[in-house]
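> Structure of the sequence below:
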Amino acid sequence: GSFAIAIVWDPDKTFNRLKLLVWVSVFSDRHPCRDYFGGRVTSSVVAADMAGNTLKDDLQAFCDRHNFDERQEALKVFCQAPFLPLEFDASPAEQQRRTWERFQKIQKTGYLEDFKTQYPTAKQQYKNFARFSGAAIYDMSLATLIAAQLTLAGKGIQTMGSEEQKVKYVDDIFNLKIRGCFAMTELGHGSNVRDIETQATYLPEKQQFEIHTPCDSAQKFWIGNGLGANLAVVMAQLMIKGEQFGVHAFVVHLRNENGELKPGVRVASCGHKMGLNGIANARMWFNRVCVDRDALLSRYSEVSPEGEYSSPIPDKGLRFTVCLAELVGGRMGLVMACVNCGKVGLTTAVRYALTRRQFRVGNQAESLIMDYPIHQQRLIPCLAILYSLQCAAHHIQHLWISRSDELMERLQQMKTIHFISSGLKAISGWYVRDMLQACREACGGQGYASWNRIGILKADIDAAVTYEGDNFVLMMQCARQLMRQYKKGRNGVGGDYASDGFLAYLNSGVPFISNIAKKCELRSLLEMLQCREAMYMEQLSKDLDRELKGRSSQEAEDMAWNACGQEAVECGKAFIERLIFEWFVEDIQRVAQPQVYPVLQTLTSLYGLWVILGDPRFCGSSHLPDSVQIDLRKEYNKCLPKLRPHVKVLVDGFGIPDVLLGRIANVSGSNDPFWSYEQTLQNSDFVGKAKL
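Below is the predicted model:
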């Protein structure tokens with residue numbers, strides 16, 4: 001045998017160090033180091049990877065769908081100084097400082113220029129979606145900061161303010177001369193915005209509004225970008241002469257020219273969080289803070305000097321809906337953010353599984369962990385989930401961009417977008433949270449290291465299950481709108497189910513699964529998902545009728561829905577998962593290039609099978625016979641080895657730059673794990689700040 005030591009000079013920015021590399025070589029057919037570092041993947045997998053290189057561009061075109069150049073430009077911005085390297089051990093205060101500085105730098109490049117256009121063209125909106133996706137891939141804190149400053153504070157004034165108010169504030173917010181925030185959520189009220197407690201009382205003798213926090217539960221909480229903000233769009237209950245007019249928006253200056261808090265304004269940090277510590281979340285109290293009459297955002301409501309209220313929308317509930325409708329865009333941003341965080345984590349986990357070896361059979365090299373069926377069970381369904389969510393994200397974007405300019409027609413469209421985006425935001429948050437946990441476990445101990453990004457991403461995206469609406473509440477909202485359509489069609493009100501509606505398939509009756517001939521084709525899987533959805537709708541309808549007991553008051557209806565909450569969540573989930581599958585099928589038939597169609601078809605089948613077989617209630621019902629389940633399980637188990645040769649090109653199709661992946665992702669592309677482990681060592685601080 002032989003023993004060799006090499007001493008290599010490796011200058012480091014913080015201190016110079018010597019790297020000691022030791023090789024142990026035993027001249028035999030079996031020595032572990034050569035098998036591990038020198039071993040290569042099998043020739044069949046190499047051939048598949050080489051063939052896959054020709055498919056990468058087509059898969060990326062399927063995923064990105066639009067504005068490919070803008071996406072690449074956006075990612076290039078984040079792949080150079082001062083955006084790299086990513087830090088994982090800075091204090092929250094330092095993270096927040098760096099995130100704001102990076103925000104300022106990308107603003108100066110014109111990266112966000114089209115965000116401030118009030119009536120953007122479809123081309124501009126698609127461009128904005130692409131650039132926001134780039135920020136989410138790079139750092140969720142930065143993406144969230146962009147949303148807080150521009151989408152909430154900036155767009156809030158833009159959509160609810162008068163022309164004079166827009167001229168006064170919007171440019172400065174989008175140019176970051178004003179640091180803004182959107183103060184809606186309170187300690188005592190999050191999802192229930194209608195009942196927030198902050199008061200805005202009109203004082204006619206002063207022609208001012210008095211903004212006041214009447215109790216501790218009324219304090220504003222989790223206000224993104226709020227800790228350093230000098231302006232807030234504050235949502236408060238408007239009170240005039242003792243009469244309450246509902247929730248309205250007010251511009252409140254928090255600080256003077258010297259950056260000091262104004263009298264009556266109190267701001268405190270929300271403290272250290274599980275994730276997103278690059279965002280300075282704040283608590284806020286207002287002790288009878290007076291603002292001028294023009295602080296009320298007045299596009300849809302005004303108060304005269306004498307205290308007379310007027311609005312072009314007389315109905316209080318409709319006015320509230322109109323004012324907050326445009327904020328639904330934040331949920332679509334969250335869907336995109338979830339998808340992009342999932343892409344980074346899954347690409348890292350899959351690439352690691354294509355280099356990491358464990359256990360041998362006989363005298364052969366140790367096997368790649370991706371070749372173990374149990375590992376395929378963990379990661380390959382995640383590919384199907386992400387590709388399906390990507391399609392759903394494109395469809396909801398299209399609905400958003402296609403809205404009418406006519407107010408009433410736009411409101412009807414917004415109702416559809418609201419109910420679809422509510423369910424889609426919830427399902428994407430749950431999917432990607434669980435997916436990142438699977439990725440973390442699939443990488444073993446390496447998944448626990450912050451510099452491999454998976455744990456950081458998981459902590460960041462965990463916020464998505466509650467902010468922009470609690471997922472359970474959102475899914476119940478989705479189910480509530482779904483039941484209106486279901487009962488309207490079932491009762492024949494205005495005819496059967498609309499031919500262009502989401503439940504049009506019910507006009508032909510619920511599919512009978514035992515009559516489905518080819519049970520594993522896409523059309524058959526869709527019919528099974530329709531049957532599952534119809535099962536939940538029918539059960540929820542019966543449960544609601546039982547709880548209502550013939551009563552028709554609003555209070556009785558609300559109590560019935562509360563009693564049927566879990567059933568409603570399952571119903572909404574079944575609807576959204578069917579819709580995602582339907583959109584996935586539509587897209588591979590309409591958009592996919594012929595050479596990638598077979599692999600995408602298998603992915604689509606896998607998603608449908610994963611949803612069906614993952615629902616024990618549906619599998620245990622009379623709707624899905626045991627014989628059919630056996631066939632579905634066999635097909636599911638066939639999909640995994642069928643997709644195994646394509647896993648690398650499928651994650652490459654996400655188009656994530658190498659430097660933004662976890663360091664174990666083998667980004668050298670050499671199919672050799674040594675490079676990945678070398679990077680792992682370089683990213684380890686063996687000595688910290690101690691002296692050698």
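
> Report the distance from the strand or helix carrying Met332 to the chain centre.
Per DSSP states H and E, Met332 falls inside helix 329-353. How far helix 329-353 lies from its chain's middle: 8 Å, per Cα atoms, centre = their mean, to the nearest Å.

> Does anything pack onto it? Which helices or strands?
Applying 3 or more Cβ pairs under 8 Å, 6 or more residues apart in numbering; DSSP states H and E, we find helix 329-353 packed against helix 122-138, helix 140-146, helix 373-401, helix 407-442, helix 454-461, helix 647-652. Every C-beta, even on glycine, is put in place using the N, C-alpha and C of the backbone.

> mind listing the strands for the stretch 1-150 of the chain?
2-10, 17-25 (DSSP state E, counting those that start in this stretch).

> sorry, back to before: can you say which of the helices and strands packed on helix 329-353 is nearest to Ser605?
If you check each of the helices and strands packed on helix 329-353 against Ser605 by Cβ to Cβ, helix 373-401 wins as the nearest, at 8.3 Å.

> after the host helix or strand of Trp583 comes which helix or strand?
Assigned by DSSP H and E, Trp583 belongs to helix 565-590. Following helix 565-590 in sequence order, the next helix or strand is helix 597-613 (DSSP H and E).

> what is the mean pLDDT for that next one?
For helix 597-613, the mean per-residue pLDDT is 96.

> Remind me what the helix or strand that it is followed by packs against, helices and strands.
Moving toward the C-terminus from helix 597-613, the first helix or strand encountered (DSSP H and E) is helix 616-619. With contacts taken as 3+ Cβ pairs under 8 Å, 6+ apart, helix 616-619 sits against helix 597-613.

> Mind giving me the packing neighbours of the helix it packs on?
Secondary-structure packing of helix 597-613 (3+ Cβ pairs under 8 Å, 6+ apart): helix 373-401, helix 522-548, helix 565-590, helix 616-619, helix 626-643.

> switch to 7 Å and redo it
When contacts are defined as 3 or more Cβ pairs under 7 Å, 6 or more residues apart in numbering; DSSP states H and E, helix 597-613 packs onto helix 373-401, helix 522-548, helix 565-590, helix 626-643.

> Compare the strands of the stretch 1-150 of the chain and say which comes out lowest on pLDDT.
Among the strands of the stretch 1-150 of the chain, strand 17-25 scores lowest, with a mean of 42.

> tell me the centre residue of this protein?
Central residue of the chain (Cα atoms, centre = their mean): Cys338, 2.8 Å from the mean position.

> hang on, that residue packs against Ala426?
No: using Cβ atoms under 7 Å, Cys338 makes no contact with Ala426, being 10.4 Å away.

> buried sites along stretch 390-402?
Gln390, Cys391, Ala392, Ala393, His394, His395, Ile396, Gln397, Trp400 (16 or more other Cβ atoms under 10 Å).

> Can you tell me which of these is closest to Lys262?
Distances from Lys262 to the buried residues of stretch 390-402, taken by Cβ to Cβ, are shortest for Trp400, at 36.9 Å.

> can you pull the contacts of that closest one?
By Cβ atoms under 7 Å, 6 or more residues apart in numbering, Trp400 lies in contact with Gly329, Met332, Ile417.

> isn't the first one right up against Thr151?
Meaning Gly329. Yes: with contact defined as Cβ under 7 Å, Gly329 counts as touching Thr151 (6.4 Å).

> So, low pLDDT: which residues of the stretch 151-300 of the chain?
Nowhere does the stretch 151-300 of the chain drop to pLDDT under 70.

> And the strands in it, which stretches?
Under DSSP E, counting those that start in this stretch, the stretch 151-300 of the chain gives strands at 180-183, 199-203, 208-212, 220-223, 231-240, 243-253, 265-269, 282-286, 289-292.

> got a markdown table for those strands, with mean neighbour count too?
Formatted as a markdown table, the strands of the stretch 151-300 of the chain follow (neighbours: other Cβ atoms under 10 Å):
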| stretch | mean neighbour count |
| --- | --- |
| strand 180-183 | 29 |
| strand 199-203 | 20 |
| strand 208-212 | 21 |
| strand 220-223 | 23 |
| strand 231-240 | 22 |
| strand 243-253 | 19 |
| strand 265-269 | 16 |
| strand 282-286 | 23 |
| strand 289-292 | 18 |
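
> Please convert those strands to JSON lines, extending it with distance to Pro598.
Listed next are these as JSON lines, based on distance: least, Cβ to Cβ, whole Å:
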{"stretch": "strand 180-183", "distance to Pro598": "46"}
{"stretch": "strand 199-203", "distance to Pro598": "60"}
{"stretch": "strand 208-212", "distance to Pro598": "61"}
{"stretch": "strand 220-223", "distance to Pro598": "46"}
{"stretch": "strand 231-240", "distance to Pro598": "50"}
{"stretch": "strand 243-253", "distance to Pro598": "52"}
{"stretch": "strand 265-269", "distance to Pro598": "53"}
{"stretch": "strand 282-286", "distance to Pro598": "52"}
{"stretch": "strand 289-292", "distance to Pro598": "62"}
